[in-house]
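*Asks:* quick one, what's the 3D model for this:
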Amino acid sequence: LGDVVLGSGPEDEVTEAIEALLERVATGFIPEDRVLAIAKLKELVTEKAACRNAFGRRAFPVLKEVIVEDGSDVEAIRGVLELLHICIKVSEEGTAALAAAAAAGPA
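*Replies:* Okay, the predicted model is just below:
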């Protein structure tokens, strides 16, 4: 295998970064730190599809917990809602694929 280390590719690095930020959101005691972690997540999820995929696979239980436990923290709730909006927004390519699938009918 030479210089290749299994499990340490770019996708794993993205996943680790997302997981670390989600951990800060889930376990952070300082509200400002949680808000900063949410802001960094928004940045990553906006910039890279791989980040959106990793985020989507792991984030929803954490986000639900923020909404349930921190309902009075306006900045945290705003960040969570913005993250959800970013993740569910469908790209033009995705919209075209959905339209094509709908036109084709049931399989």
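
*Asks:* check contacts around the residue nearest the centre of the chain.
*Replies:* A centroid search over the chain (C-alpha atoms, centre = their mean) returns F55, at 2.8 Å, as the residue closest to the centre. Listed by C-beta atoms under 8 Å, 6 or more residues apart in numbering, the contact partners of F55 are 18, 41, 44-45, 83, 87. The way it works is simple: take the backbone N, C-alpha and C, and place the C-beta from them, glycine included.

*Asks:* run the last query once more with 7 Å
*Replies:* By C-beta atoms under 7 Å, 6 or more residues apart in numbering, the contact list for F55 reads 18, 41, 45, 87.

*Asks:* next: L22.
*Replies:* Here L22 is in contact with 58-59, 62 (criterion: C-beta under 7 Å, 6+ apart).

*Asks:* which one of the residues you listed is nearest A26?
*Replies:* Top of the list for closeness to A26, among the contacts of L22 and by C-beta to C-beta, is V62 at 4.8 Å.

*Asks:* my guess is the closest one contacts A26. True?
*Replies:* Yes - between V62 and A26 there is a contact under C-beta atoms under 7 Å: 4.8 Å.
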